[in-house]
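Colleague: My questions concern the predicted model and sequence given below.
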Amino acid sequence: MRIAYVLGGLAAVVFLLVGCGGGGAHSTSDKAVAATSDASAEKPAPFPCPKPSEQLQVTLDGHAGAENAGILMAERRGYFREAGLDVWVRTPGNPEYPVSYVAVGDDDVGIAQQPQIVLGNELEETVVAIGSVISKPTAAMIWLKGSGVNEIGDLKGKTVATSGALYQSDLLEQALAQAGLTADDVKVVGAGYELVPKLLKGEVDAIFGGSANIEGAALEARGAEPVITPVQELGAPPYDELMLIARPECVVKHPALYRRFLTAVARGTAAAKKDPHGTALAIEQNLGSDPKAGRKEIEAQVAATLPLLSRSGRIDLAQATDLVEWMRDKGMIEEEPPVEQLFTNEYLAP
């Protein structure tokens, strides 16, 4: 399987999203489109929807890893090919970008967190979730034992790293509030893919938004002693940690294409659950996997993640409604979008 690994990040203010033709990494080009905070700026026209005979471009939520096992094993076992699909999978330049990549059509399918999807709609980066990958929160606040941090209140004056996603800053603010702190009481830095290295090097005092089954497992595999507090213990409601997303107009135009894709992913997920060793091997052999992750770390992440993967991919629409209402109540979004416009089970395998 070919996964293009992207070095470096994109500018925080100038968001570029590009058409990469026949595959390869997300990068700047003469097709780059700038999306600024100027609401009056003319929005670029999205790329055309994929045709059933064309390559389907997929962006993951980060490095190829255990949470992507359904996609990785569908490729490894040939399930995409059997479904008549030519799938190209890519690593985003930064974990916060998949919604934007899919919204403009630079990629046809992506993986993103449910709060990120809701916030993207608020920012007019509209996508629709067509399936669940992990149906409950796995994100957490993580610090190391013996670091001098024993509870959230101890983070006052300390440095906390997130991947950089906007919704994580909102959730962090809610978590700090549980201990009577505000965002001004801590220094928040974006770390992209470097959450674990920065924590191990002592460059930050805690990381927020990384998952217990990924970053937590990686820290343990590297001999650290992480103290992990799930976001639901810090005030967040239930939500889907990871979902498959696409452009609404594209799934309506080519529903059979996306159904075949989801069916292949479901087969890949089932295969991954039955073959943890093969899953770890698939991750290790991918160019888009974390270059710092060794076999022991990958196996630990696989063991912690496979039980969390959704077999059916079905989205809990009642849970989605509660999340949207909570985000509105907390001031994360101004308007409550109709849940059925953002989340659908219509394209899942019967």
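Modeller: Perfect, thanks for sending it. Residues are numbered from 1 along each chain as shown.
Colleague: Low-confidence stretches in this structure?
Modeller: In the predicted model, the chain carries pLDDT under 70 at residues 1-45.
Colleague: residue ranges for the strands of it, please.
Modeller: With DSSP state E, the ranges of strands along the chain come out as 3-4, 15-17, 33-35, 56-59, 87-90, 109-112, 128-134, 139-144, 159-162, 187-190, 206-211, 226-230, 242-246.
Colleague: Now find how far off-centre the fourth one is within its chain.
Modeller: Just to be clear, that refers to strand 56-59. Distance of strand 56-59 from the chain centroid (C-alpha atoms, centre = their mean, to the nearest Å) equals 14 Å.
Colleague: Pairing partners for it, with directions?
Modeller: According to DSSP bridges, strand 56-59 has the following sheet partners: strand 87-90 (parallel), strand 109-112 (parallel).
Colleague: just to revisit the earlier point, can you redo the strands of the chain as a markdown table with distance to G313 and mean neighbour count?
Modeller: Bear in mind the C-beta positions are built from the backbone N, C-alpha and C, glycine included. Listed next are the strands of the chain as a markdown table, based on distance: least, C-beta to C-beta, whole Å; neighbours: other C-beta atoms under 10 Å:
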| stretch | distance to G313 | mean neighbour count |
| --- | --- | --- |
| strand 3-4 | 21 | 20 |
| strand 15-17 | 26 | 22 |
| strand 33-35 | 30 | 16 |
| strand 56-59 | 15 | 26 |
| strand 87-90 | 16 | 24 |
| strand 109-112 | 12 | 29 |
| strand 128-134 | 4 | 25 |
| strand 139-144 | 20 | 24 |
| strand 159-162 | 27 | 23 |
| strand 187-190 | 30 | 16 |
| strand 206-211 | 19 | 27 |
| strand 226-230 | 23 | 19 |
| strand 242-246 | 7 | 29 |
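Colleague: May I see these arranged in JSON lines, with distance to A179 as well?
Modeller: What follows is those, written out as JSON lines (distance: least, C-beta to C-beta, whole Å):
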{"stretch": "strand 3-4", "distance to A179": "40"}
{"stretch": "strand 15-17", "distance to A179": "33"}
{"stretch": "strand 33-35", "distance to A179": "35"}
{"stretch": "strand 56-59", "distance to A179": "35"}
{"stretch": "strand 87-90", "distance to A179": "39"}
{"stretch": "strand 109-112", "distance to A179": "28"}
{"stretch": "strand 128-134", "distance to A179": "27"}
{"stretch": "strand 139-144", "distance to A179": "10"}
{"stretch": "strand 159-162", "distance to A179": "12"}
{"stretch": "strand 187-190", "distance to A179": "15"}
{"stretch": "strand 206-211", "distance to A179": "12"}
{"stretch": "strand 226-230", "distance to A179": "11"}
{"stretch": "strand 242-246", "distance to A179": "27"}
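Colleague: Out of the ones you listed, which gets nearest to G331?
Modeller: Taking C-beta to C-beta as the criterion, strand 187-190 is the member of these that comes nearest to G331, at 17.4 Å.
Colleague: Can you list the strands that the closest one pairs with?
Modeller: For strand 187-190, the pairing partners within the sheet under DSSP bridges are strand 159-162 (parallel).
Colleague: Can you name the residues in contact with the partner strand?
Modeller: Residues from elsewhere that reach strand 159-162, judged by C-beta atoms under 8 Å, 6 or more residues apart in numbering: 141, 168-169, 172, 186-191, 194-195, 198-199, 203-209.
Colleague: Kindly list the longest helix within this structure.
Modeller: In terms of residue count, the longest helix belonging to the chain (DSSP state H) is helix 255-274.
Colleague: in that helix, what's buried?
Modeller: Of the residues in helix 255-274, those scored as buried under the neighbour-count criterion (16 or more other C-beta atoms under 10 Å) are 257-273.
Colleague: Check stretch 296-310 too.
Modeller: Within stretch 296-310, the residues scored as buried using 16+ other C-beta under 10 Å are E297, I298, E299, A300, Q301, V302, A304, T305, L306, L308, L309, S310.
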